[in-house]
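Asks: Here you go, sequence then predicted model.
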Amino acid sequence: MAGRQKRASWGKAHWLLALACLLPPAAHAQAGNLEQHIAAVREDGRFVPARALQRLQEVETQARSAPLPVRAEFLTQLSNARMRLGQNDLAMQLAEELIGYARMNKSDVALAKGILCKAYITFAMNERRASHLLAFEAERIANRTDDLPVRVQATISAGQSWAEEGNFPFALAKLQAAVDLARQSNSPSSLAAALNALTLLYTQMREYDKGFEVLDELLAVSGTLASPGRMAQAKNTEYGLALDAQQPQRGQRALLAALALERQLDARGMVAVTLVNLSDSYLKENDYARALRYANEAITAGRLVNNEQVEATARLNIGQALIGQGRLQEGKQSVATGLAYYERTANQPDMQAVLLEYGTALEKAGDLRGAVTAYHRERSISNQLFEKQRQKAVYELQEKYEAEKKQRQIELLSRENQLKSTEIDNRRLQQRVWWLLALVLAMASVIVGLLYRKVRHANVQLKVKNQELKRQSSRDPLTALYNRRHFQEFMRSHAGKPQQTHTGSDVVGALFLLDVDHFKHINDRYGHAAGDLVLTTIAETLHEVLRETDMIVRWGGEEFLAFLPAVARDGLDDIARRILNGMAAQRIDYQGQSIEVHVSVGFAPYPLAPLGRPLTWERSVNLIDMALYLAKAHGRNRAYGLRGFHHVERTTLEAVEQDLERAWRDGYVDLSVVLGGTDGMDAASTGTGTTAHGRPAGASDGVAAAAIT
């Protein structure tokens, strides 16, 4: 995987830990040798934790009997050193000891430090939500104190937590407040930490101009601290910003400068990360020799600090570099070793990015079968993540609806109680003042009428809300197309009905599966807002080229599915051609730039019936998904259609599903190929909308595309 994805993931997963390295905890003890010793250890603790731990253990007996501020500072430094060495259990024990000690002595400063230590440890243990809640709690406690450095540290941690949760407005407000507090504290180290965090946030928000503006101040402040470690941190931040801002040469220079500073400091953990990032940067430039060199150095450095992620990432880089050099089998073995780590840690977002980059490398190397397999695994993960996000949105909407429903019930009960109270008062009035009976009854009738009208109104609103909830649960919020859940429910009910027969012509149903070509490149280059515009444009185009009776579904992140209930069997290729040409005709204007849109398509009649037995819709979708990946692997901007089966009794349907291309070559399936009208070399050599049918006679592994054309 190229450097951008791995660098972003690595940096994001360690931002809060980096804060623990960058920020100087406050100490208020009287001047003395012990306090000076602990202060001197801080620099080692940030960048060379093993040396810091040894120096702290030398004064442990004395520090544990010291006054409150000194003892609290000692426990903070000792917990942080243990955490940075991967000794999370011991670090957590020290954090809990500090929290208990702070509460016993009613010290908010010490308590904020202890809770921050606990936040960093839980983050290192991949308990992200728990870490965020601890950071928010630490900020509330720190803001009750006058200790500006601790308030800066807690505010930055809270800001980074909001950023991790995707709430950039809250994160930006917190980090800007942290910068202001740091300026008030007159502490250059606190200011450097706040500026570093703000630069990282602007990078994540893609506000590159603002990021470089803050970075300039960060580098200037770091230069006044005479600290190689702090300057190395700033240079790593510069690398991330430059890489995302499409300035790879600047990012590479920043990495080389950071590596020299880290080696000067003997900061082995930082050296390991920087080496793997250097490997990424050279891999992106196709400088495979240097990519291999730095990746191998990263493996050695990662083992010294027991960092499995660095080693796994380096293995991935080595694999891609070897593939780029034509050493395909060696490269695939190395990638498999690196992938094992991501599979073991179940990190789906990183795994998805790894597979996408791996598939691209295999495609460039001509291993189309391997590329299809990688793309298929990546798409499966993408669909899982998309489904989780959709379910979360539905659950949130359902919770909102339930809350509103409960509020309405409370209001109705309150009105009923008021009505009962009124009726009791009326009875008393009837007993005491009989001559007012007629008036009271009239007033009661008016009140009941009003309440009845309100109840009717509430019921109408409830019905509208239910209809809205049903609509939202079946529609994709971005494109307004049907979502996967609605299609699944429709197909379950549809499958249970007898298929309609048509006489006089061969009319069938059909399934078309589309995937946007190079959608990740669009997101990376133009931003996610442009990606959303592409998806809505595709939805509008599908409405134009298909009929109102056809069901169009947003199937996944950038995948769309169309179910056509009744079309001519011999017209499927024409429909695919209309889709391809309709998409290619779109030119999306975004911020003064024109974005071209192409899609790859897999399609088939429905139902598919090998040996006369109709397949389930799920298996049909799986087969056209494989056809879609053939279209991806053979050049994109084209459609592969599964027209039928031949001699399936000589093989198994499972074998066909696992390797559709081989089944095609062996004559078990009949595929048609439709090329897009603006597909570069393919269009030039075969003509607009060229269609090929049947079996690619004489084709061998990896050269099916040549046989098609």
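Replies: Ah, there it is.
Asks: can you give me the mean pLDDT across stretch 121-128?
Replies: Mean pLDDT, stretch 121-128: 87.
Asks: Counting by contacts, list what whatever helix or strand Arg140 lives in packs against.
Replies: Arg140 belongs to helix 128-142 when assigned by DSSP states H and E. The contact analysis (3 or more C-beta pairs under 8 Å, 6 or more residues apart in numbering; DSSP states H and E) places helix 128-142 against helix 108-124, helix 148-164. C-beta: built from backbone N, CA, C; applies to glycine.
Asks: buried sites along the last one?
Replies: It refers to helix 148-164. Residues of helix 148-164 classed as buried: 148-164 (neighbour count, 16 or more other C-beta atoms under 10 Å).
Asks: For the very next helix or strand once past it, what is the distance to the chain centroid?
Replies: With elements assigned by DSSP H and E, the helix or strand that comes after helix 148-164 is helix 168-185. The chain centre lies 25 Å from the centre of helix 168-185; the measure is C-alpha atoms, centre = their mean, to the nearest Å.
Asks: ok, residues contacting helix 168-185?
Replies: If you take C-beta atoms under 8 Å, 6 or more residues apart in numbering as the criterion, helix 168-185 is touched by 148-149, 151-152, 155-156, 158-160, 162-163, 190-191, 193-195, 197-198, 201, 204-205.
Asks: Just the CA coordinates for that helix, please, in CSV.
Replies: C-alpha atoms of helix 168-185 as CSV (Å, rounded to 0.1, in the frame of the first residue of the first chain):
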residue,chain,number,x,y,z
PHE,A,168,-14.3,18.7,13.3
PRO,A,169,-16.0,21.9,14.4
PHE,A,170,-15.7,20.9,18.1
ALA,A,171,-12.2,19.7,17.5
LEU,A,172,-11.1,23.0,15.9
ALA,A,173,-12.6,25.1,18.7
LYS,A,174,-10.8,23.1,21.3
LEU,A,175,-7.4,23.1,19.6
GLN,A,176,-7.6,26.9,18.9
ALA,A,177,-8.5,27.4,22.5
ALA,A,178,-5.4,25.2,23.5
VAL,A,179,-3.2,27.5,21.3
ASP,A,180,-4.5,30.6,23.1
LEU,A,181,-4.0,29.0,26.5
ALA,A,182,-0.4,28.0,25.6
ARG,A,183,0.4,31.6,24.6
GLN,A,184,-0.9,32.7,28.0
SER,A,185,1.3,30.2,29.8
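Asks: Give the rounded mean pLDDT of it.
Replies: For helix 168-185, mean pLDDT rounds to 92.
Asks: how about the strands in the stretch 401-550 of the chain?
Replies: All strands of the stretch 401-550 of the chain, identified by DSSP state E, counting those that start in this stretch, fall at 482-483, 507-516.
Asks: Show me what the longest one is packed against.
Replies: Applying 3+ C-beta pairs under 8 Å, 6+ apart, we find strand 507-516 packed against helix 528-545, strand 559-568, helix 572-584, strand 599-606, helix 617-633.
Asks: CA-only coordinates of that strand in CSV, if you can.
Replies: Below are the C-alpha coordinates for strand 507-516, written out as CSV (Å, rounded to 0.1, in the frame of the first residue of the first chain):
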residue,chain,number,x,y,z
VAL,A,507,-38.5,-11.4,-22.1
VAL,A,508,-36.5,-11.8,-18.9
GLY,A,509,-35.6,-10.0,-15.8
ALA,A,510,-32.1,-8.6,-15.5
LEU,A,511,-29.5,-7.5,-12.8
PHE,A,512,-26.9,-4.9,-13.5
LEU,A,513,-24.1,-4.1,-10.9
LEU,A,514,-22.0,-1.0,-11.4
ASP,A,515,-18.8,0.3,-9.7
VAL,A,516,-17.3,3.7,-10.1
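Asks: who does it pair up with?
Replies: Strand 507-516 pairs in its sheet with strand 559-568 (antiparallel), strand 599-606 (antiparallel), by DSSP bridges.
Asks: can you tell me which of these comes nearest to Arg128?
Replies: Shortest distance between Arg128 and the strands paired with strand 507-516, using C-beta to C-beta, is found for strand 559-568: 28.0 Å.
Asks: For the strands of the stretch 401-550 of the chain, please prepare JSON lines with the additional fields mean pLDDT and mean neighbour count.
Replies: As requested, the strands of the stretch 401-550 of the chain are arranged in JSON lines below (pLDDT from 0 to 100; neighbours: other C-beta atoms under 10 Å):
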{"stretch": "strand 482-483", "mean pLDDT": "92", "mean neighbour count": "21"}
{"stretch": "strand 507-516", "mean pLDDT": "94", "mean neighbour count": "23"}
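Asks: how about those in JSON lines, adding distance to Ala182?
Replies: Formatted as JSON lines, the strands of the stretch 401-550 of the chain follow (distance: least, C-beta to C-beta, whole Å):
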{"stretch": "strand 482-483", "distance to Ala182": "46"}
{"stretch": "strand 507-516", "distance to Ala182": "44"}
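Asks: and Lys332, which of the ones you listed is closest to it?
Replies: Proximity to Lys332 (C-beta to C-beta) singles out strand 507-516 among those, at 23.9 Å.
Asks: Report the inter-axis angle for the closest one versus helix 528-545.
Replies: On the basis of axes from the mean of the first three to the mean of the last three C-alpha atoms, to 10 degrees, strand 507-516 is oriented at 160 degrees to helix 528-545.
Asks: What is the distance between stretch 57-70 and the centre of its chain?
Replies: Put simply, stretch 57-70 sits 44 Å off its chain's centre (C-alpha atoms, centre = their mean).
Asks: what's the span of it, first residue to last?
Replies: This stretch, stretch 57-70, spans 15 Å end to end (C-alpha to C-alpha, to the nearest Å).
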